[in-house]
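# Sharing a sequence plus its predicted fold:
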Amino acid sequence: MDVERVQTIAFSSMTEGRIPPEFIRSEKERPAITTLHGYDPQIPTIDFSDPDEDSLTRLIAEASRDWGMFQIVNHGIPTHVINNLQKVGEDFFALPQEEKELYAKPPDSKSIEGYGTRLQKEEEGKKAWVDHLFHKIWPPSAINYQFWPKNPPSYRDANEAYAKCLRGVADKLFGRLSVGLGLGEKELRESVGGDELTYLLKINYYPPCPRPDLALGVVAHTDMSAITILVPNHVQGLQLFRDDHWFDVKYIPNALVIHIGDQLEILSNGKYKSVLHRTTVNKDMTRMSWPVFLEPPPELAIGPLPKLISEDNPPKYKKKRYCDYVYCKLNKIPQ
Ligand code: OGA
Ligand code: NI
C-alpha cells in the first residue's frame, strides 16, 4: 500500500499555490478564525535550576493545576545535546522518500512505532498537515532499533545522549509533582511504572503549507501520557485552548515544553490538568517538534491514587490498564 506523505503533497501544493480539499478545515477549526491575537496570557516559564525546592514544587504544582502546560528553562540538558537531536531528525526527514519508507510503520503492526502519516481521518474526514516518526528511546528493554534510522549515522548516538539527559529531567519533574500532591518524592514515579516507565519519542514534521490559514498540523487533543516533554524548533505553531479560545504558546529558545498528560490528571484525581492543544503550520518554513511521551507500561492499571481520595473527594475517573485507555481513546470509545 502506498501512502501519500504530507511532505510529498506539500511539494506539489507549493507550485500550485493551493492545498487538497481534505486538508481544508471547517470554519470552526480554521486557525485564522479561531486564534485569539492581541491578548496574550502566556503559560508559566519556570527556572528548573531554582535551588529552593519548595518554591520549585509550588510553581510546578500551580502551573500543572492552572494551566496543564508550562515551559522550563535552565533544565540542565546541554544545548549541543538538543541541537544534535534536532539535526539528526532534520537529516532523516531530508532523506529521499524511498529511504524514509524503510522505516514505515508496518501496515499490520499493533504498535505505533515507525515512520508514517496518520491514516485515520478525523472529524469531517479531514487530514492533518504533518508526517511523523515514532520510536521508543527508554528503557533499553523496550527499544526496537528497527525503527531508529541508520542514516544519518549519528542518529543513534544523538538519541541515546538525549534520552540519558532527559531521564534526569523526568525524575526531577516527577519528584516535584509528587511532593506538590502531598506525597513522598518517589511515589508518583512509582505509580506510573517506576523503572518500567516508557519514553516514546515522536518527531513531528510539518512541511510548509501554502494555506496555513485553512489547515491544521496536529488537531486538538490532550496527550494520553503521564507527562510529555517537548522540544520545538524555532517555528511558531503550538497552541493551547483556554477560556474558550486558542492561544499561541511562545517559542522560547532552549526551553522544554512540559504537558501534563491524561494519566497524571487521573492519578491526581483532577488536581493536575491535561490541557487541550493543537498545532498550526507555516507558509514558508518547516516546523518540527520532538515530544517524548512518558507512558506507563501497557498492563499497568492507572486510577486516582488512594491517598488522594476521600469521602469529600471521591474518585472522578475509572481505574483501567493503560493499554485499554489507549484503545478507547484511539477508537473514540468513552473511557
Ligand atoms: C503532539 C503535539 C505539539 C507540537 O504531537 O502530541 O501535541 O508542538 N505536538 O508539535
Ligand atoms: Ni500533544
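Okay, I see it. Numbering: from 1, shown residues only. Ligands and ions are numbered 1, 2, ... in the order given.

# pLDDT score for the residue of the stretch 101-250 of the chain found nearest ligand 1?
Per Cβ to the nearest ligand atom, Leu238 is where the stretch 101-250 of the chain lies closest to ligand 1, at 3.8 Å. In short, each C-beta sits where N, CA and C put it, glycine included. Here, the pLDDT recorded for Leu238 equals 97.

# from what I can see it touches Trp246, true?
No - assessed by Cβ atoms under 8 Å, Leu238 is found out of contact with Trp246, at 10.4 Å.

# Compare neighbour counts for the two and give me the winner.
Leu238 (24 against 19; other Cβ atoms under 10 Å).

# Phi first, then psi, for that one.
phi -70, psi 130 (degrees, to the nearest 10).

# Skip the chain neighbours and tell me the closest residue to it.
Val249 (4.4 Å; Cβ to Cβ, 6 or more residues apart in numbering).

# ok, how many other residues are close to that neighbour?
20.

# Could I get the contacting residues of it?
42-43, 69, 71, 238-240, 257, 277 (Cβ atoms under 8 Å, 6 or more residues apart in numbering).

# who in the stretch 101-250 of the chain is up against ligand 1?
202, 204, 218, 223, 230, 232, 237-238 (Cβ under 6 Å from any ligand atom).

# what's the closest of those residues to Asn313?
Asp223 (24.3 Å; Cβ to Cβ).

# ok, for the closest one, nearest residue in space, not its chain neighbours?
Nearest to Asp223 is Gly261, by Cβ to Cβ, 6+ apart, at 4.1 Å.

# Equivalent analysis for Leu188, please.
For Leu188, the spatially nearest residue (Cβ to Cβ, 6+ apart) is Ser178, at 3.5 Å.

# Tell me, how many residues neighbour that neighbour?
23.

# Is it in a helix, a strand, or coil?
At Ser178, secondary structure determined by DSSP: H, G, I helix; E, B strand; the rest coil is helix.

# if we can go back for a sec, in ChimeraX, select just the buried ones from the contacts of Val249.
ChimeraX command restricting those to the buried ones, with burial defined by 16 or more other Cβ atoms under 10 Å:
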select :43,69,71,238,239,240,257,277
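
# Dump the contacts of Val249 to CSV, plus secondary structure and distance to Ile19.
Formatted as CSV, the contacts of Val249 follow (DSSP: H, G, I helix; E, B strand; the rest coil; distance: Cβ to Cβ, whole Å):
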residue, secondary structure, distance to Ile19
Gln42, coil, 31
Ile43, coil, 30
Met69, strand, 29
Gln71, strand, 31
Leu238, strand, 21
Gln239, strand, 19
Leu240, strand, 25
Val257, strand, 27
His277, strand, 22
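
# Can you tell me which of the contacts of Val249 is closest to Pro106?
His277 (29.2 Å).

# Show me what the nearest residue to the closest one once chain neighbours are set aside bridges to in the sheet.
Spatial nearest neighbour of His277, chain neighbours left out: Leu240 (5.2 Å); criterion: Cβ to Cβ, 6+ apart. In this entry, Leu240 is beta-bridged to Phe247, His277, by DSSP bridges.

# where does Leu240 sit relative to Glu113, distance-wise?
28 Å (Cβ to Cβ, to the nearest Å).

# can you check Val249 too?
Taking Cβ to Cβ, one finds Val249 at 27 Å from Glu113.

# which residues in the stretch 1-150 of the chain form helices?
For the stretch 1-150 of the chain, the helices defined by DSSP state H, counting those that start in this stretch occupy 6-16, 31-34, 53-66, 79-93, 97-101.

# Tabulate those (a markdown table), appending mean neighbour count.
Output for the helices of the stretch 1-150 of the chain, formatted as a markdown table (neighbours: other Cβ atoms under 10 Å):
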| stretch | mean neighbour count |
| --- | --- |
| helix 6-16 | 16 |
| helix 31-34 | 16 |
| helix 53-66 | 18 |
| helix 79-93 | 18 |
| helix 97-101 | 13 |
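
# Pick out the shakiest of those helices, pLDDT-wise.
helix 31-34 (a mean of 90).

# Let me see the contact set for Gly217.
Gly217 touches 128-130, 204, 206, 237, 278-281, 287, counting by Cβ under 8 Å, 6+ apart.

# Those residues, buried ones only, as a PyMOL selection?
Those of the contacts of Gly217 that count as buried under 16+ other Cβ under 10 Å are selected in PyMOL with:
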select buried, resi 128+129+130+204+206+237+278+279+280+281+287
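
# Do you have the strands of the stretch 51-200 of the chain handy? List them.
All strands of the stretch 51-200 of the chain, identified by DSSP state E, counting those that start in this stretch, fall at 69-73, 114-116, 131-138, 198-206.

# want to throw these into CSV with mean pLDDT?
Output for the strands of the stretch 51-200 of the chain, formatted as CSV (pLDDT from 0 to 100):
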stretch, mean pLDDT
strand 69-73, 98
strand 114-116, 96
strand 131-138, 98
strand 198-206, 98
